[in-house]
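Dropping a prediction and its sequence here:
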Amino acid sequence: MTLTRRHLLTRTLAASALPAVLPAWAEGPADANAKTLRILVGFPPGGGTDAIGRLLADKLRERLGMTVVVENRPGAGGQIAALALKSAPADGSVLFLTHDHTISILPQVVKNAGFEPARDFVSAGGFATFVNGLAVSPGTPTTTFQEFVDWVKTRQGGKSAVGIPAPASTPEFLVKLLGQRYGLDLVSAPYRGSAPMIGDMLGNQIPAGIASVQDFIENHRAGKLRMLAVLGGKRQAALPDVPTFAELGLKGFEDTPYYGFYAPAGTPELALTRFSQALSQVVAQPAVREQLVNMGLTVDYMTPAQLAERERAYTKVWTRIIRDSGFTPQ
């Protein structure tokens, strides 16, 4: 064998030992030819998840040294974006930013979701927890949760619509539970995301809504909407004057949902690790942390393994809640 042939064989064997094809940012410093990292968001522009995605994309762009774009795939509570992730290349170039609903709730309430998180996705890292809350429109004459209950009973004949950002979501189960607990006929009005729901609330087309704190917080601060209560075991740092439902006597919703990134199953471990490390560095930045807290989040970085464990625990809690509610998958 000549020296040239031996050299070529050595290079071939070395190449065969490399992991599956990775985006340039996962292999090392990115260059001008690096792939774009696409972050799928399952809700429309203007909502809380979209705002979080754009903040993180901007900072990840600096950390990874490459183009990072947010791609909105709204509809069906994140299902459309989840299906797009399932069919995406498993090379780390496409990630899905989502919260608990699409991963832990939706597969349990839809007969044929088209994806199974444990089979089709792999965790890429988490960064925060949050809570849902009840807010009322500017034309709804109530400033406390008890006033809202009394208003529905005395002025609305005991019946009221409550907006939710997606059908068969955590907010829908909360609407049902509130109705049962306080003897009200509350009807869920599902939207395609929080942004159109909040638009109708601001226009007094619907008297109340339940969604994540980050969806409501800016309008609450501006006095355009009023948050009356939040879930979780303690009051939120960004909303110290808003009580928890637990304080008001509604127990069982203290476990907090999560935010994280997911990749298609089969994505190389190296790509996941590099992204997770970049994410940890981004959310550790004081300015980023402050912005996330101001959005109503509790910053809580999770490695891929920690996010997967939190997902399993949260799914277990909601499996029981959904079963006990008597809900039939649609």
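Thanks, I have the structure now. Residues are numbered from 1 along each chain as shown.

Residue 232 is in contact with residue 254, isn't it?
Yes. Using CB atoms under 8 Å, residue 232 is in contact with residue 254, at 6.2 Å. Placement of C-beta: from N, CA and C, glycine included.

Between those two, point out the one with more neighbours.
residue 232 (21 against 14; other CB atoms under 10 Å).

can you count the residues close to the nearest residue to that one once chain neighbours are set aside?
What sits nearest to residue 232 in space, not counting adjacent residues and going by CB to CB, 6 or more residues apart in numbering, is residue 131, at 3.9 Å. For residue 131, the neighbour count with other CB under 10 Å is 27.

Phi, psi for residue 131 please.
Note on residue 131: its backbone torsions stand at phi -130, psi 160 [degrees, to the nearest 10].

so what's it up against?
Applying CB atoms under 8 Å, 6 or more residues apart in numbering, we find residue 131 in contact with 212-213, 230-232, 236, 256-257, 296.

Neighbours of the nearest residue to residue 113 once chain neighbours are set aside, how many?
Distances taken as CB to CB, 6+ apart place residue 107 nearest to residue 113, at 4.9 Å, with adjacent residues excluded. Neighbour count of residue 107, defined by other CB under 10 Å: 19.

Residue 256 too?
Residue 256: 19 neighbours (other CB under 10 Å).

list residues touching both of residue 232 and residue 254?
residue 246.

Which stretches in this structure count as strands?
Taking DSSP state E as the criterion, the chain contains strands spanning 37-41, 68-72, 94-99, 121-129, 132-136, 159-164, 185-190, 208-212, 226-230, 258-264, 298-302.

I'd like those strands laid out as JSON lines, including mean neighbour count, distance to residue 325 and mean pLDDT.
Formatted as JSON lines, the strands of the chain follow (neighbours: other CB atoms under 10 Å; distance: least, CB to CB, whole Å; pLDDT from 0 to 100):
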{"stretch": "strand 37-41", "mean neighbour count": "22", "distance to residue 325": "28", "mean pLDDT": "98"}
{"stretch": "strand 68-72", "mean neighbour count": "18", "distance to residue 325": "31", "mean pLDDT": "97"}
{"stretch": "strand 94-99", "mean neighbour count": "26", "distance to residue 325": "20", "mean pLDDT": "97"}
{"stretch": "strand 121-129", "mean neighbour count": "23", "distance to residue 325": "23", "mean pLDDT": "97"}
{"stretch": "strand 132-136", "mean neighbour count": "26", "distance to residue 325": "16", "mean pLDDT": "97"}
{"stretch": "strand 159-164", "mean neighbour count": "21", "distance to residue 325": "15", "mean pLDDT": "97"}
{"stretch": "strand 185-190", "mean neighbour count": "16", "distance to residue 325": "12", "mean pLDDT": "96"}
{"stretch": "strand 208-212", "mean neighbour count": "27", "distance to residue 325": "15", "mean pLDDT": "96"}
{"stretch": "strand 226-230", "mean neighbour count": "23", "distance to residue 325": "20", "mean pLDDT": "97"}
{"stretch": "strand 258-264", "mean neighbour count": "25", "distance to residue 325": "21", "mean pLDDT": "97"}
{"stretch": "strand 298-302", "mean neighbour count": "19", "distance to residue 325": "26", "mean pLDDT": "96"}
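
Dump those strands to JSON lines, plus distance to residue 153.
Formatted as JSON lines, those follow (distance: least, CB to CB, whole Å):
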{"stretch": "strand 37-41", "distance to residue 153": "39"}
{"stretch": "strand 68-72", "distance to residue 153": "39"}
{"stretch": "strand 94-99", "distance to residue 153": "33"}
{"stretch": "strand 121-129", "distance to residue 153": "34"}
{"stretch": "strand 132-136", "distance to residue 153": "15"}
{"stretch": "strand 159-164", "distance to residue 153": "10"}
{"stretch": "strand 185-190", "distance to residue 153": "10"}
{"stretch": "strand 208-212", "distance to residue 153": "14"}
{"stretch": "strand 226-230", "distance to residue 153": "15"}
{"stretch": "strand 258-264", "distance to residue 153": "35"}
{"stretch": "strand 298-302", "distance to residue 153": "34"}
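
What is the distance between the longest helix along the chain and the centre of its chain?
In the chain, taking DSSP state H as the definition, the longest helix is helix 304-325. Remark: helix 304-325 is offset 14 Å from the chain centroid, using CA atoms, centre = their mean, to the nearest Å.

Is there a neighbour count for the closest residue to residue 148 other than its chain neighbours? I'd like the number.
Counting by CB to CB, 6+ apart, residue 148 lies nearest to residue 142, which is 4.3 Å off, once chain neighbours are set aside. By other CB under 10 Å, the residues close to residue 142 number 19.

Would you confirm that residue 142 contacts residue 151?
Yes. Counting by CB under 8 Å, residue 142 touches residue 151, with 5.1 Å between them.

measure the residue nearest to residue 232 to residue 174 for me?
Distance of residue 131 to residue 174, computed by CB to CB, to the nearest Å: 11 Å.

any common contacting residues for the two?
Contacts common to residue 131 and residue 174, judged by CB under 8 Å, 6+ apart, are residue 231.
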